[in-house]
Structure formats: structure tokens, C-alpha cells
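Student: What would the 3D arrangement of this be:
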Amino acid sequence: MLRLADRWWNEIWRDGTIAAADEILTDPFVRHTAVGTSVNSRGEYKKMLAEFQRTLCRPQTMIDDRVVVGDRIWTRATSRGFNRETGEPAVITWMLIQRISGDRIAEHWALTSSGVDWTG
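Tutor: Next comes the predicted model:
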């Protein structure tokens, strides 16, 4: 399970290999965020990822804490990169829960906060 979560962080989020979502995520994929819940096809989710990557340039992510409970992986992480729109450094703190079904990530609950650094 951790290897699958690592692929999400490394291949999709850090490296920007959006096509890796075809091997990592179920179709459909369920997202829970501060703005609500959405059920997205992999194609729809890949479009959202492309938008994020247009704004945040190749973030370096540190996994601060991680716990596996049953079919879920709980992660607290910090991403650092540059905001392409402003040219300024960007820090994003994550609280992410990923539910694994079979050999893919089927659902996640994500709460992010820009400018918050819990690593210090």
C-alpha cells in the first residue's frame, strides 16, 4: 500500500507524470476536499492535476508523518515549490487520507493549507 501512495506523491505530484494516474487511481476516483466531494473520471482528475501543475512548479514534498490503518493511508506532508503565477516560493501543508481498493487509490480526503509550515 505504501508503494502505491509513494507513486502518487512521486510520479503524479512531484514529477508531473499525469499519465501515471491511469495505473494508480480507480475510475471513477472520489475526492473529498474543503469545497466538497466529487466523483471524477481519471480523465477529469488528470485535467485538475494539470491545472495544479500550471500554478505550482515541481514541488518537493517531505512526508512528515504517515500511518496505515486497514485500507487507508494517513499522511501529513509539506510541499515546497514556486508559484508560476507570482514567481514567489510556495509552501503547502497537507493532511491526506487515501483509501486503497485492490491495487489502486479509490478515494482520498485532502485538506491543504498554503503558507503553513509545520516542519519547524
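Student: And the lowest mean pLDDT element among the helices and strands of the protein?
Tutor: helix 42-55 (a mean of 86; mean pLDDT, DSSP states H and E).
Student: If you count neighbours, what's buried in that helix?
Tutor: 42, 45-46, 49, 53 (16 or more other Cβ atoms under 10 Å). Every residue, glycine included, has its C-beta placed from N, CA and C.
Student: repeat for stretch 98-106
Tutor: 98-100, 104-106.
Student: Then stretch 6-26?
Tutor: 7-9, 11-13, 16, 18, 20-21, 24-26.
Student: Need the contact partners of that stretch.
Tutor: Here stretch 6-26 makes contact (Cβ atoms under 8 Å, 6 or more residues apart in numbering) with 4, 42, 45-46, 49-50, 53, 58-61, 63, 75, 77, 79, 98, 101-102, 104-106.
Student: Show the end-to-end separation of that stretch, please.
Tutor: 16 Å (Cα to Cα, to the nearest Å).
Student: let's number from 88 now, not from 1
Tutor: All right, first residue 88 from here; so that's stretch 93-113.
Student: Narrow the contacts of stretch 93-113 to those in strands?
Tutor: The strands, defined by DSSP state E, take in 145-148, 150, 162, 164, 166, 185, 188, 191-193 from the contacts of stretch 93-113.
Student: Now tell me which of the residues you listed the prediction trusts least.
Tutor: Lowest-confidence member of those: Arg145, scoring 73 (pLDDT).
Student: what sits against that residue?
Tutor: Each residue near Arg145 by Cβ under 8 Å, 6+ apart is listed here: 101-103, 168.
Student: redo that, cut-off 7 Å
Tutor: Residues in contact with Arg145 (Cβ atoms under 7 Å, 6 or more residues apart in numbering) are 101, 103, 168.
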